[in-house]
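Peer 1: Next comes the sequence, and after it the predicted model I'd like to discuss.
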Amino acid sequence: MLDLALFTIEVVSVIICVILIRFMVMPFWVTGQSRYLGLPLGFAFLGASYAFTALSISQFITFDYIWWIQLFLRAFAFLFLLVTYLLLKENRNQFWNALLGILIVIFTVLIVLTIIFPQVLGPSYFTAQIYTRIFMLICLSYISVHTLKSHLDSPDPTTLMIPLGFVLLTIAQYLQIIWVVDRSFLSFWSGIVVRMGGLAVFLFVSYGAFYSSKRTERE
Amino acid sequence: MKTILRRDKLKIYADLLFALYSESPEEIMPTHIQKKIGVPFDRFKLYVTELVELGLVRDETSMELTEKGRQYLREYERVLDFIKRMGLEYL
């Protein structure tokens, strides 16, 4: 029963991420600037990580390193989002194509190594999970602070929601770390609820931006 | 020292379309629009020709926006709004 609920939540998360990718890719399509590619890539990797989690819960496909793959996918998802906010001022398409390309190559090498030479993974999944989740927590904390600062610099009701979305994802990540260390089911389920809240905020912001009935008025 | 940011072509196109949109079709003055978007006149003419070829501007004389041009502007505006909401900037 719990597995079914968890599987459903992961599938819903995948669907939300797929919808979000459609919106997140728009800045790149319309402006042609590669620096916005981190957004769709981030949500694509995040969606893929939820898909792998759903697969492992359902046991439709089982192989030894499925959890490692979902962990790497999630870490790279937040890494793509982090570089997008960290290198905000960098505008050269060549730089962004090279950076994102290198990250994708590193990710591919990690996955190939995981599948072909699992012995190189070294530490246990438990240890790796803690360190990786701490890394994700740092990425999300930086983005939360950045978006909040950006909102405070020029306060506008429309820019308040995204910091909230990232703060919720940060809290969810923190609760997941507690679950990994403590095996507390309360933190596990609260983490999932908070994460769903975060994804819902992103959906709300995206629909608000693209489907609000605003007229073209610019100086 | 003041930093001058280099605009990419898409941004110049959008600035030009917004400038044309904000003028009423009977009052469009090429030199006025050219000064408003801040490009040399020869390049301005080239951009207008390209926008006509893309079907965003009706012709080089009237410089009136087509429905496709208006639709592009609406989409562009939404994306700028989305970028702002995401806590990012459009340089």
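Peer 2: Right, received. Where do you want to start?
Peer 1: Could you point out which residue ranges in the chain have low pLDDT?
Peer 2: Looking at chain A here, since you left the chain open. Low-confidence regions of chain A, defined here as pLDDT under 70, cover residues A:1, A:120-123, A:213-219.
Peer 1: That was the other one, I meant chain B.
Peer 2: When residues are selected by pLDDT under 70, those of chain B lie in B:1-7, B:91.
Peer 1: Show the contacting residues for residue 36.
Peer 2: You didn't say which chain, so I picked chain A. When contacts are counted by CB atoms under 8 Å, 6 or more residues apart in numbering or on different chains, residue A:36 touches A:24, A:27-28, A:84, B:83, B:88. Glycine gets a C-beta too; all of them are placed from N, C-alpha and C.
Peer 1: The chain in question should be chain B.
Peer 2: Applying CB under 8 Å, 6+ apart, one finds that residue B:36 lies in contact with residue B:19.
Peer 1: Show me chain A divided up by domain.
Peer 2: Domain assignment for chain A, taken from automatic domain parsing, gives A:1-121, A:123-210.
Peer 1: Any buried residues in the longest helix anywhere in chain B, and which?
Peer 2: Among the segments of chain B that qualify as a helix by DSSP state H, the longest is helix B:67-85. Within helix B:67-85, the residues that count as buried by 16 or more other CB atoms under 10 Å in any protein chain shown are B:69, B:72-73, B:76-85.
Peer 1: May I ask which helix or strand encompasses residue A:194?
Peer 2: helix A:185-211 (DSSP states H and E).
Peer 1: That helix to helix B:67-85, inter-axis angle?
Peer 2: Between the axes of helix A:185-211 and helix B:67-85, defined by axes from the mean of the first three to the mean of the last three CA atoms, to 10 degrees, the angle is 150 degrees.
Peer 1: Packing partners of helix A:185-211?
Peer 2: Helices and strands in packing contact with helix A:185-211 are listed as helix A:2-24, helix A:161-182, helix B:67-85; criterion 3 or more CB pairs under 8 Å, 6 or more residues apart in numbering or on different chains; DSSP states H and E.
Peer 1: mind saving the C-alpha coords of the second one as PDB?
Peer 2: Extracted C-alpha coordinates of helix A:161-182, given in PDB (Å, rounded to 0.1, in the frame of the first residue of the first chain):
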ATOM      1  CA  MET A 161       7.100  32.600  -5.300                       C
ATOM      2  CA  ILE A 162      10.300  31.200  -6.800                       C
ATOM      3  CA  PRO A 163      12.400  31.700  -3.600                       C
ATOM      4  CA  LEU A 164       9.500  29.900  -1.800                       C
ATOM      5  CA  GLY A 165       9.700  27.000  -4.300                       C
ATOM      6  CA  PHE A 166      13.500  26.600  -3.800                       C
ATOM      7  CA  VAL A 167      13.200  27.000   0.000                       C
ATOM      8  CA  LEU A 168      10.600  24.100   0.000                       C
ATOM      9  CA  LEU A 169      13.000  21.900  -2.100                       C
ATOM     10  CA  THR A 170      15.800  22.800   0.300                       C
ATOM     11  CA  ILE A 171      13.700  21.800   3.300                       C
ATOM     12  CA  ALA A 172      12.600  18.600   1.500                       C
ATOM     13  CA  GLN A 173      16.300  17.800   0.900                       C
ATOM     14  CA  TYR A 174      17.100  18.400   4.600                       C
ATOM     15  CA  LEU A 175      14.300  16.100   5.700                       C
ATOM     16  CA  GLN A 176      15.600  13.500   3.300                       C
ATOM     17  CA  ILE A 177      19.000  13.700   4.900                       C
ATOM     18  CA  ILE A 178      17.400  13.200   8.300                       C
ATOM     19  CA  TRP A 179      15.500  10.200   7.000                       C
ATOM     20  CA  VAL A 180      18.800   8.700   5.600                       C
ATOM     21  CA  VAL A 181      20.600   9.100   8.900                       C
ATOM     22  CA  ASP A 182      17.700   8.500  11.300                       C
END
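Peer 1: How far off centre is that helix?
Peer 2: In terms of CA atoms, centre = their mean, to the nearest Å, the centre of helix A:161-182 is set 11 Å apart from its chain centre.
Peer 1: quick one: that helix near chain B?
Peer 2: Yes. Contact of helix A:161-182 with chain B (CB under 8 Å from any CB of the partner chain) involves A:161-163.
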